[in-house]
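Novice: What follows is a predicted protein model with its sequence.
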Amino acid sequence: MSHAGRDLAWAEWVSWQLERAGYSVELGHWDWVAGDNFIEKMNDALRRAQNVVALLSEAYLEADRYTRIGWAAVLAGGAGDPRLIPLRVEDVTSPPLLRPLLAPALFGLTSDQAREVLLKALRGPRRPGSEPDFPRPESAAVTEAGRTRLRLPGELPPVWNVPVRSPAFTGRDAMLLRLRGLLRSDGTALVQAMHGIGGVGKTQLAIEYAHRFAVDYDLVWWVDAGQAALVGDQIGELAVAAEVTASGVGTPAALVAVRRYLRSHGGWLLIFDNAEDPSDLVAWLPEGPGHILITSRNPGWGLVAAPVEVDVFARHESVALLRGQVPTVDVADADRLAEALGDLPLAVAQAAGLLAETGMPPSEYLDALATAAAEVLAEGRPPFYPVSLAAVVHLSVQRLADEDQAAHQLLQLCAFLAPEPVPLSYLSGAGVGVLPDPLATVARTPLALRRSMGRLGRYGLVKVGPVGPLLHRLVQAIVRAHLDPDGRRAARARVEAMLVDAAPGDPENPVWWSQWAGFLPHLLATDPVDSPSPQAHRLACDAVWYLLARGDTHAAQRLAADMYHRWRDRFGPDDQRTLTAANRLARAHRDLGQYAQARDLDAETLTQRGRVLGADHPDTLTSASNLARDLRTLGDLARARALDEDTLARRGRVLGADHPDTLTSASNLARDLAALGEIAQARDLDAQTHARRGRVLGADHPDTLISASNLARDLAAVGETARARALDEDTLARRRRVLGEDHPDTLISANNLAVDLRAVGEIARARALDEDTLARRRRVLGDDRPEALHSGSQAVADDRGGSPPGTGLE
C-alpha cells in the first residue's frame, strides 16, 4: 500500500477489504516498526509485491513526498515487476506519468460500491457466481460491539458535533498517527490528555484527529470544557443526539443514560477541549470500549489520563504553512519567519494571515516583530483560532496574577532570560533583596517554588521540566511588553543580580563548563554589555573566556568585539573595562590566526595600561605577555624573547613563582627559546613549568596539558622520541577526556602524536590520525585557518590574564 500519512484511514480500509478478499497486503503502519530503514523496507516490499496500490490525493501528489519513490519505481520497472494500481481517494488529477493508467475513484460512493470498485481494480471485471444479495440500507450492517462499520473514510458518523476542520491544517501527521495508536484498543475507555503551551495547536489537532479518523467511530462528541459548570449541559445534549433520553431530561438522568449507553457500545470518541483542572472533569469521564481525548494547557493529568505533550511545529511544517498561505514567500524567508516565531503554530498562522491580507514583505514583518512583538502578535487572528496569541497570553497572565502573585513574579523574571530552561536554583540561591516578595519567601521552600512553577504550566505559559520553567520567546516578548518602563528596568536589574549570584566558577576550568553551557544563554539574554552593573560586566568578560576555552572562537570574537566597541564609546579608551575587552578581543584574533590584528591591539593596550596602571600591574604584565607572543608568531623572535624575559621577572617578583600567570610567562619564554634553536634550555624550562603546573593546578588542568604538549615537542626535537610519544599519547587521552574530541587543543595533541608516529615509522597510523585531525579542524576552525590545512603545524602559545588568573595555550 502506497499512501500519504494523512490518508491512513483510507489505506487501512482498503487493506482490510483486500485481506478479506484473500489478498496478502503489506501496509507500513501495520507491518513496519520504529527504527526500520524506510528505503530498505520499500525496496523489499517492491521486490516481493505483485501489485502496488497507490491512493491518490492532494497530499499523496505533493512534490516532496516519499510516495513518489514508490510509484516512480514501479513505473520504471519491466516485465515481472509489480503492477501499479492507482485509486483516487480525493478529486485530484493524476500527474502526467500516471494519466495513461485508469484511476478509479473510491470517494463519493457507498462502502459496498467502493469495495466493488476496489476489487474490480485488483482482479478485473467478473460475473457473479450466485444471485446478488437484495440491496439493504447501510444502517442494517452491524459488526462487533454494536458498531456500524460500513462507512467510508470522510463520511461523518450519525452522532457528531465536532467543529469544522481548518482547510489550511498543515503537517502533524506523525503526531496524529501516534495519537491514533495510543487510543486504539479493545478494552476499557482509553483517556489521552494532549497538553502544551498556549498557541501550540492542541484544539486544532483534536479537530483534525476527529475528522481524519471519523470512520473509526459511530459517535463523536465535542465538549467545551473551558468552563466546568457547562459540561453537564453538553452531556445532556449528547444524550438527546444519541437518542438515549428525551429532550428536557435533567443533567443527572442524562449522565446516567449516557454512561449506560457508552458502557454497552463501542466506536465512540468524546473530546473534552480546553480542560483546566483534572478534578473538575473526572466526574464526567465515562467507562466503556471507547476513546476519550482531552486538550489542556495543564500538564498535570497523570492520575486521570495518559499525558501526551504537544510541541511546536517542526521547521518544515512551519515553512509549509507559511508558503501554503503566502505563495510569494520563498523558502529562505519562510525559514527566517519560522525561526523568529519559534515555530509556534498560532504565531505562524497569524503571520501567514497578516502577510496574505496586507502584502507585507517578510523583512518588514520581522522588523516589526523585533521592535513591537506584542502589537504584531495581536494582529492577523486566524479564522479557526478564537483569539490572537497576544490575547491568549494576556488573559492567562491576568488570571495567574489573581491566583498566585509569586508565580506571576517568577514569570516576569523568566521573561528577561533566554527561551531555555531556567534552573530553579537561580532563584533559591538569590541573595537577600534580589527577589521581590512574595517570590523571595516562596523561593526559600523548594516545594512552594515548584508549586508556583506548576501554576505557570497549568495556564500554558511555560513548559515545566525538572530543571525549571521554559518560556517560548514570543510569550516572553508579550509578557515584557505588558510591563511599564519602570517595571522592565526593575525586572532586568533583579535578573542581573540573580545571575551574578548564580554565576559558575572559573570559566576556563572544564569542571564548570557544563554549568556555563546552561548559564551563558541566560546571561547573554540580559545584554550584560549594556548593563550599568559592574558585576554584569565582569560576567560578560568571563563569558568570553568560557567561549575561548571551549574553542568556540568565532562566538568569542563577536562578543569581545561588541564589548570593546561599546565600552570604548561609553567609558573611553582608558577605562579598565575597555582595556579588558581589548585584551579578550586580541586573544580571539590570535586564536583565529589574525596575528597582525592581535599584535596591533595588544601593543595599544600595553601602552594604555602602562600609562594608567603602571609597568608592574598584573594587567599591564598580561598585555606585555600577549604582545610578546604576537611578536614570536610573526617572526620577531628577539623582541619576543626580551619582552617575555622581562615579563617573567616582573611577574615572579609581583605575583610569586608559582602564580598561574608567572607559569604562563615561563611557558611562553620556553617557546621563544625553542623558536631560536635553544632546544635544551626550552626543554628544561618546559619540564620545570610542567611540574609546577601539575602541583599547583592538577594533572588534568588545561594549562598543565599545555606544558605537557610543549615538553613533548621539546623532547622530540632533541631526539628523545620514545618519551615524546608517550607524553603526547597521555596528553591526547587527557585532552579528549577533559576538553572533548573536537577542541582545538585536542586537535593540536592529535597532530603532534601523528608527527611522533611518523618519526618511528608507524606511517599508516599517523596517516589515519592526520586525516581525522584535518577533517575535524576543517569542520571546527574552517578552511581559512592554517591548522586546518597543515598537519604538523607549529602550535602557538597563548596567554590570558587579569581576573580570573591567566593561562597559556600552544
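Specialist: Looks like it came in fine. Please read these numbers as outputs of a predicted model, since none were measured by experiment.
Novice: Find the nearest non-adjacent residue to L395, please.
Specialist: Once flanking residues are discounted, L395 sits nearest to V387: 7.6 Å by CB to CB, 6 or more residues apart in numbering. Every C-beta, even on glycine, is put in place using the N, C-alpha and C of the backbone.
Novice: what pLDDT does the one you found get?
Specialist: Looking at V387, its pLDDT is 83.
Novice: what number of residues lie near it?
Specialist: 15 (other CB atoms under 10 Å).
Novice: these two touch, right, it and R381?
Specialist: Yes. Between V387 and R381 there is a contact under CB atoms under 8 Å: 6.4 Å.
Novice: quick one: common contacting residues for these two?
Specialist: Taking CB atoms under 8 Å, 6 or more residues apart in numbering as the contact criterion, V387 and R381 have no common neighbours.
Novice: got the CA coordinates for stretch 43-50 in PDB?
Specialist: Presented in PDB, the C-alpha positions along stretch 43-50 are these (Å, rounded to 0.1, in the frame of the first residue of the first chain):
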ATOM      1  CA  ASN A  43      12.700  -1.900  -1.800                       C
ATOM      2  CA  ASP A  44      12.000  -5.200  -0.100                       C
ATOM      3  CA  ALA A  45       8.200  -4.700  -0.500                       C
ATOM      4  CA  LEU A  46       8.500  -3.700  -4.100                       C
ATOM      5  CA  ARG A  47      10.600  -6.800  -4.800                       C
ATOM      6  CA  ARG A  48       8.000  -9.200  -3.300                       C
ATOM      7  CA  ALA A  49       4.800  -7.500  -4.400                       C
ATOM      8  CA  GLN A  50       2.700  -8.400  -7.400                       C
END
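Novice: what about the longest strand in the protein?
Specialist: Scanning the chain for the longest strand, with DSSP state E as the assignment, gives strand 268-275.
Novice: Just give the closest residue to L156, not the sequence neighbours.
Specialist: In space, and not counting its chain neighbours, L156 is closest to A214: 5.4 Å by CB to CB, 6+ apart.
Novice: That neighbour is in contact with R165, isn't it?
Specialist: No. Look at A214 against R165 with CB under 8 Å: they stay out of range, at 10.1 Å.
Novice: Give me the neighbour count for C541.
Specialist: Close neighbours of C541, defined as other CB under 10 Å, add up to 23.
Novice: wait, is it part of a strand?
Specialist: No. Using DSSP: H, G, I helix; E, B strand; the rest coil, the assignment for C541 is helix, not a strand.
Novice: Show the pLDDT at the residue nearest to L156.
Specialist: For A214, pLDDT reads 90.
Novice: OK, contacts around it?
Specialist: 151, 153-157, 160, 220.
Novice: 10 Å - rerun?
Specialist: 9, 151, 153-157, 160, 162, 220, 269 (CB atoms under 10 Å, 6 or more residues apart in numbering).
Novice: Tell me which of those fall in strands.
Specialist: 160, 220, 269.
Novice: List just the nearest of these to L424.
Specialist: Distance to L424 across the ones in strands among the contacts of A214 (CB to CB) is lowest for L269, with 38.7 Å.
Novice: how about that closest one, what does it touch?
Specialist: Neighbouring residues of L269 by CB under 10 Å, 6+ apart: 157, 160, 162, 183, 189, 206, 209-210, 213-214, 216-222, 290-293.
Novice: what do you get if the cut-off is 8 Å, keeping everything else the same?
Specialist: Applying CB under 8 Å, 6+ apart, the residues contacting L269 are 183, 210, 216-217, 219-221, 290-293.
Novice: got CSV for the residues you listed, with distance to N752 too?
Specialist: CSV is the format used below for the contacts of L269 (distance: CB to CB, whole Å):
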residue, distance to N752
L183, 60
A210, 65
D216, 65
Y217, 69
L219, 74
V220, 69
W221, 72
G290, 69
H291, 64
I292, 65
L293, 61
